[in-house]
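Asks: Structure of the sequence below:
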Amino acid sequence: MLAPALQPLLIVGAVGFVVSLILAGALKPLAARLGAVAHPKADRWHRDVVPLLGGLAIAAAVLIGSSIVPPTSPKILILLAAALVIGLVGAVDDLRPLKPQTKFIAQILVASALAALGLRLSLTDWPLVNILITIFWIVGVTNAFNLLDNMDGLAAGVAAITAGFWLVFFSWDGNIEGARLAALLVGACLGFLVHNFNPASIFMGDAGSLFLGVTVSGLSLVGDWAYSRNVASVLLFPVLILLVPIFDTTLVTVARMLAGRSVSRGGRDHSSHRLVALGISERGAVMVLYVVATLSGAVAFLSYRYGFSYSVILICLLAIGLGLFGIYLGRLEVYPADQVEVGERARVVRLVVDFPYKRQVATVAIDVVLIVVAYYTAYVLRFENELAAEQARFIDSLPVVLGCQLFALAAFRVYQGLWRYTSLRDLIRIAQATTLGSVGAILVLLFAMRFEGYSRAVFVIDWVLVLGFIGGTRIFFRALDEILRQGVGGNPRVLIYGAGDGGVMVLREIRSNRELNRSAVAFLDDDRQKQGTRVLDVPVLGGMERLEDALLTLDISEVIISTSRLPPKRVQAVLDLCEPLEVPVRRALLRLEHAKH
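Replies: Here you go, the predicted model:
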């Protein structure tokens with residue numbers, strides 16, 4: 001259970017916060033005098049000259065806080081020393097840029113020292129293999145944080161969330177010294193975040209990202225975890241807690257490879273940049289990734305608290321959701337055509353990209369996981385503590401359920417649809433397919449095994465879950481469009497005159513076509529039955545009598561007439577009201593013309 005001494009941890013965190021807050025402010029003029037500043041570049045996000053060395057404030061806050069109540073754990077002392085060394089290497093790079101290979105070698109040396117001194121993952125029975133995996137883990141996470149430091153407040157905020165979950169883990173296990181270090185790191189990151197959140201007045205630089213990478217990855221190596229007996233769990237919980245930097249690094253690596261672009265070449269292609277490209281503000285993009293970090297950390301804690309047998313459901317759903325999120329972001333064109341490399345390696349990658357039926361294969365693979373997870377979840381919900389006694393029936397019947405569902409989905413041509421254009425008709429087809437699959441599985445088990453010992457409730461629950469899971473994946477991209485669109489601001493605000501079928505077509509085109517760069521805020525319609533309602537969540541304010549008021553109060557930049565049936569006199573009345581306010585009026589027309597040579 002959670003350690004009772006929470007007040008000392010709050011004090012420790014407050015010390016880290018205050019020290020980091022003060023030092024970060026003091027380092028701004030010093031960094032400017034030393035020339036340690038980040039200049040705007042074409043492949044970087046910031047547009048102003050910003051001081052570096054802010055990471056020294058984080059490192060100093062952690063080290064000063066640790067000296068107040070010195071840790072006695074050798075592992076924590078070793079970790080602090082290693083983090084200090086790599087932080088100084090980063091500071092040197094901020095002052096006088098080092099070659100990438102020099103920093104990489106320094107990371108390997110620090111990681112090797114940690115592994116040699118006993119901070120290692122116990123994944124196998126072979127010490128050498130464990131050491132190599134540990135080195136890969138530390139260097140990988142360190143570089144992931146280095147890459148994550150690409151937008152104001154992102155790396156520091158994610159590090160604070162990550163350290164916060166380590167604080168919960170350490171406190172739950174009664175590891176006071178580990179909890180103190182995690183609390184210090186949370187406070188130090190939050191103190192620095194005051195200066196680093198958008199718009200940032202100081203960057204952490206490599207001094208901060210390398211220090212955070214080694215420290216956060218090392219936190220998984222300093223505790224005697226209860227889960228360490230389970231090989232799969234040794235790496236599972238740290239990966240879940242550090243999922244955002246790992247996700248961002250994976251997305252960038254895969255995207256650059258698929259584009260035939262050098263993986264080591266920088267650019268504005270990180271997850272945060274892609275979110276901004278969707279129209280979200282920089283702060284909004286950072287907050288989205290904060291939410292992802294919090295969700296993955298919560299799944300890690302639930303897994304630790306309630307066991308892998310139950311949490312595997314959440315882990316699978318999180319993995320699929322994050323994978324789909326990565327595909328959603330990866331669809332954006334972020335590389336200029338003249339920066340895409342062409343060569344033998346690019347041609348090999350293109351062969352993989354152009355593999356026939358790759359979309360269908362990937363969809364079937366996702367559905368296999370979802371069907372298995374749904375069936376397993378049904379057993380968990382039905383039997384709870386008696387799950388172990390039902391394990392044999394679950395295993396025996398799983399192939400039947402899986403086969404019947406996949407056959408039904410294929411028979412109803414579910415795999416021929418495009419997710420981006422999923423309609424109500426597609427969802428009905430999925431409902432029909434999953435119903436047939438569930439009934440088919442019951443009939444097979446009835447004739448093959450007489451359905452002896454099987455719970456009917458399991459199959460009812462399974463049908464509901466598999467319908468929800470598969471239907472949910474199909475509308476995932478459209479749902480993301482709707483959710484992320486709520487964070488979009490700054491686009492010209494459009495008023496649509498006509499809330500009928502034409503108005504709906506205009507609204508959908510505005511929402512789906514980002515090149516239009518517009519935001520529909522309201523409808524007007526002369527049909528009194530539509531007035532006061534909402535069409536696709538956009539209000540119908542009223543008729544012509546509300547036009548002038550809407551133009552003045554809603555900051556309308558453009559009026560679009562969506563219906564061809566509006567009388568000429570009414571069109572002229574719209575023009576007469578809009579022209580004095582310099583609001584342009586457009587007509588939306590759908591034409592079918594003969595093709596010409």
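Asks: Just give the closest residue to Asn146, not the sequence neighbours.
Replies: Distance criterion CB to CB, 6 or more residues apart in numbering; nearest residue to Asn146, sequence neighbours excluded, is Ser209 at 4.4 Å. C-betas here are computed from N, CA, C, even on glycine.
Asks: Check which helix or strand the one you found maps to.
Replies: Here Ser209 sits within helix 205-219, counting by DSSP states H and E.
Asks: Report pLDDT for Pro51.
Replies: At Pro51, the pLDDT value in this model is 88.
Asks: mind checking which helix or strand of the chain has the lowest mean pLDDT?
Replies: Ranking every helix and strand in the chain by mean pLDDT, DSSP states H and E puts helix 344-353 at the bottom, with a mean of 50.
Asks: any idea which helix or strand comes after it?
Replies: Using DSSP H and E, the helix or strand that follows helix 344-353 in sequence is helix 358-383.
Asks: Counting by contacts, list what that next one packs against.
Replies: Judged by 3 or more CB pairs under 8 Å, 6 or more residues apart in numbering; DSSP states H and E, helix 358-383 is in contact with helix 308-330, helix 391-411, helix 456-474.
Asks: Please tabulate those in JSON lines, including the columns distance to Asp48.
Replies: Compiled in JSON lines, the helices and strands packed on helix 358-383 are given as follows (distance: least, CB to CB, whole Å):
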{"stretch": "helix 308-330", "distance to Asp48": "26"}
{"stretch": "helix 391-411", "distance to Asp48": "53"}
{"stretch": "helix 456-474", "distance to Asp48": "42"}
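Asks: Serialize the ones you listed to TSV and add fields for mean neighbour count and distance to Gly297.
Replies: Formatted as TSV, these follow (neighbours: other CB atoms under 10 Å; distance: least, CB to CB, whole Å):
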stretch	mean neighbour count	distance to Gly297
helix 308-330	17	11
helix 391-411	17	30
helix 456-474	19	23
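Asks: Nearest to Leu88 among those would be which one?
Replies: Closest of the helices and strands packed on helix 358-383 to Leu88 is helix 308-330, at 34.5 Å (criterion: CB to CB).
Asks: what is the mean pLDDT for that closest one?
Replies: Rounded mean pLDDT across helix 308-330 is 86.
Asks: so how far is that helix from its chain's centroid?
Replies: Centroid separation for helix 308-330 versus its chain: 10 Å, with CA atoms, centre = their mean, to the nearest Å.
Asks: could you give the angle of it to helix 391-411?
Replies: 20 degrees (axes from the mean of the first three to the mean of the last three CA atoms, to 10 degrees).
Asks: Identify the residue spatially nearest to Asn198, adjacent ones excluded.
Replies: The spatially closest residue to Asn198, leaving aside those adjacent along the chain, is Asp152, at 3.9 Å (CB to CB, 6+ apart).
Asks: Tell me, how many residues neighbour that neighbour?
Replies: Asp152: 24 surrounding residues under other CB atoms under 10 Å.
Asks: Please give me every residue in contact with it.
Replies: Residues in contact with Asp152 (CB atoms under 8 Å, 6 or more residues apart in numbering) are 46, 196-200, 282, 286.
Asks: Is it correct that Ile475 is in contact with Thr422?
Replies: Yes - at 5.3 Å, Ile475 counts as touching Thr422 under the criterion of CB atoms under 8 Å.
Asks: Next, the buried residues of stretch 58-78.
Replies: By neighbour count with 16 or more other CB atoms under 10 Å, stretch 58-78 contains the buried residues 58-66, 71, 73, 75-78.
Asks: Quick one, grab the pLDDT at Ile366.
Replies: You'll see Ile366 listed with a pLDDT of 92.
Asks: got a list of what it touches?
Replies: Here Ile366 is in contact with 320, 473 (CB under 8 Å, 6+ apart).
Asks: how much space between it and Gly321?
Replies: Ile366 is 11 Å from Gly321, where distance means CB to CB, to the nearest Å.
Asks: for Val583, same thing?
Replies: Distance of Val583 to Gly321, given as CB to CB: 42 Å.
Asks: pretty sure the residue nearest to Asn146 is in contact with Asp149, am I right?
Replies: Yes - contact status for Ser209 versus Asp149: in contact at 4.5 Å, counting by CB under 8 Å.
Asks: Overlap in contacts, those two.
Replies: Jointly contacting Ser209 and Asp149 under the rule CB under 8 Å, 6+ apart are Ala155.
Asks: does Ile496 sit in a helix, a strand or a coil?
Replies: The local conformation at Ile496, judged by DSSP: H, G, I helix; E, B strand; the rest coil, is strand.
Asks: likewise the one 3 residues further on?
Replies: Assigned state for Ala499: coil (three-state reduction, three-state DSSP).
Asks: show me what contacts it?
Replies: Taking CB under 8 Å, 6+ apart, one finds 523-525, 527, 530, 533, 535, 540 in contact with Ala499.
Asks: out of Ser209 and Asp149, which sits in the more crowded spot?
Replies: Between Ser209 and Asp149, counting by other CB under 10 Å, Ser209 is the more crowded of the two (29 against 25).
Asks: mind listing what Ala111 touches?
Replies: By CB under 8 Å, 6+ apart, the contact set of Ala111 is 134-135, 137-139, 142, 214.
Asks: let's see it at 6 Å
Replies: Residues counted as contacts of Ala111 (CB atoms under 6 Å, 6 or more residues apart in numbering) are 135, 138-139.
Asks: And Asn385, by the same measure?
Replies: Per CB under 6 Å, 6+ apart, neighbours of Asn385: none.
Asks: and what of Ser271?
Replies: Ser271 is in contact with 248, 251, 329, counting by CB under 6 Å, 6+ apart.
Asks: Highest neighbour count among the contacts of Ala499?
Replies: Phe523 (28 neighbours).
Asks: I'd like the secondary structure assignment at His594, please.
Replies: State at His594, reduced to three classes by three-state DSSP: coil.
Asks: Can you report how many residues neighbour it?
Replies: Considering only other CB under 10 Å, His594 is surrounded by 4 other residues.
Asks: Need phi/psi at it.
Replies: Dihedral pair for His594: phi -70, psi 140, per degrees, to the nearest 10.
Asks: likewise Arg493?
Replies: Dihedral pair for Arg493: phi -90, psi 130, per degrees, to the nearest 10.
Asks: That one touches Ala520, doesn't it?
Replies: No - using CB atoms under 6 Å, Arg493 makes no contact with Ala520, being 8.1 Å away.
Asks: between these two, who's got more neighbours?
Replies: Comparing Arg493 with Ala520 by neighbour count (other CB under 10 Å), the higher total belongs to Ala520, at 23 against 15.
Asks: who's in contact with the closest residue to Ser397 other than its chain neighbours?
Replies: Closest residue to Ser397 apart from its sequence neighbours, by CB to CB, 6+ apart: Leu445 at 6.0 Å. If a contact means CB under 6 Å, 6+ apart, then Leu445 has 397, 400, 451 as its contacts.
Asks: Nearest to Val92 among those?
Replies: Ser397 (61.6 Å).
Asks: Phe301: neighbour count?
Replies: Residues within reach of Phe301, counting by other CB under 10 Å, total 18.
Asks: actually Val380, not the one I wrote
Replies: 18.
Asks: so Asp248 touches Leu148, yeah?
Replies: Yes - assessed by CB under 6 Å, Asp248 is found in contact with Leu148 at 5.4 Å.
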